[in-house]
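In: Below is the structure, and that's it, no one-letter string:
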């Protein structure tokens, strides 16, 4: 019997028909796995050993009654075969501290997805810059003059904070915009905080595509998040609508460029954001869009991940 732990936001606060973590847990339930539920505050470390105060969890595909929690139990995290780290961004200090506790569980034998060290290494916006061949022109800086010069050079650029999510505080600026200085001051906290500037990609009108990779292999379809009228952001959280699309040749090439670095870092469930021909972000903390893609195409992305997990555990047992 496989014992699965999930570290996530409060389960009573999720939107069940859209929540990817719930989709994953429903697959575990179908397979008869034991599921233990934890939040960040349930993790602890004693004399180098990782512990959890977890509750037994059962889940249902029901918008009104999607979970049942049982008794809580304090136990070493290494008693779990697999731990899904599914806490949503932002990556706060509490999140980072939790990755160190999960790393201790990993060293004691638990499979943690995604690997804690990988979560710390792959900052979602900055990690995309490891693949400049896949990206539009990009600048990360605190310097107002440098950022203004970049906007002038590109003609039109997107500015965003490195820690943002869901389209939060994303600005589109054209050369000569009178708001340029105040936006740079606000996003950079008057030069004390790095921000990212990217050339504006006109193909955003066709959607910001979310491509999911399972153990480095792309799902053959993406969810194109198309901006609402009058918007420049495709994020669903910003009012965008999702449409399913098949991966293009360029999409697959981007996946080929990125996948080896993901596998090397133990990042086994990842979302790539692609606009037009360009990679814009690498989402490693809590990738979403499984429910939407499953519904569009009648597929089961969670099953692909869980098949990989079962194979991994079988190999480990055979090598013991």
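Out: On my side now, so go ahead. In this text the structure is predicted, and so the values were computed from the model without any measurement.

In: Show me what whichever helix or strand residue 258 is part of is packed against.
Out: Assigned by DSSP states H and E, residue 258 belongs to helix 249-264. When contacts are defined as 3 or more CB pairs under 8 Å, 6 or more residues apart in numbering; DSSP states H and E, helix 249-264 sits against strand 208-214, strand 217-218, strand 269-275, strand 278-283. C-beta here means a position set from N, CA and C on the backbone, and glycine is covered the same way.

In: and the helix or strand following the last one, how far from the chain's centre?
Out: Stepping forward along the backbone from strand 278-283, the first helix or strand reached (DSSP H and E) is helix 290-297. Mean C-alpha position of helix 290-297 versus that of the full chain (CA atoms, centre = their mean, to the nearest Å) differs by 17 Å.

In: Wait, residue 31 touches residue 4, no?
Out: No. Taking contacts as CB atoms under 8 Å, residue 31 lies outside contact range of residue 4: 9.2 Å.

In: Looking at the two now, which is surrounded by more residues?
Out: residue 4 (23 against 15; other CB atoms under 10 Å).

In: A strand includes that one, no?
Out: Yes. Counting by DSSP: H, G, I helix; E, B strand; the rest coil, one finds residue 4 located in a strand.

In: Quick one: residues contacting it.
Out: Applying CB atoms under 8 Å, 6 or more residues apart in numbering, we find residue 4 in contact with 28, 33-36, 80-84.

In: Dump those residues into CSV; add pLDDT and distance to residue 147 as well.
Out: Below are the contacts of residue 4 laid out as CSV (pLDDT from 0 to 100; distance: CB to CB, whole Å):
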residue, pLDDT, distance to residue 147
28, 98, 45
33, 98, 49
34, 98, 51
35, 98, 46
36, 98, 46
80, 98, 45
81, 97, 47
82, 98, 43
83, 98, 40
84, 98, 38
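
In: so can I have JSON lines of the residues you listed showing distance to residue 243, neighbour count and secondary structure?
Out: Formatted as JSON lines, these follow (distance: CB to CB, whole Å; neighbours: other CB atoms under 10 Å; DSSP: H, G, I helix; E, B strand; the rest coil):
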{"residue": "28", "distance to residue 243": "29", "neighbour count": "21", "secondary structure": "helix"}
{"residue": "33", "distance to residue 243": "33", "neighbour count": "19", "secondary structure": "coil"}
{"residue": "34", "distance to residue 243": "37", "neighbour count": "15", "secondary structure": "strand"}
{"residue": "35", "distance to residue 243": "32", "neighbour count": "23", "secondary structure": "strand"}
{"residue": "36", "distance to residue 243": "36", "neighbour count": "25", "secondary structure": "strand"}
{"residue": "80", "distance to residue 243": "37", "neighbour count": "27", "secondary structure": "coil"}
{"residue": "81", "distance to residue 243": "37", "neighbour count": "21", "secondary structure": "coil"}
{"residue": "82", "distance to residue 243": "33", "neighbour count": "20", "secondary structure": "strand"}
{"residue": "83", "distance to residue 243": "33", "neighbour count": "26", "secondary structure": "strand"}
{"residue": "84", "distance to residue 243": "28", "neighbour count": "25", "secondary structure": "strand"}
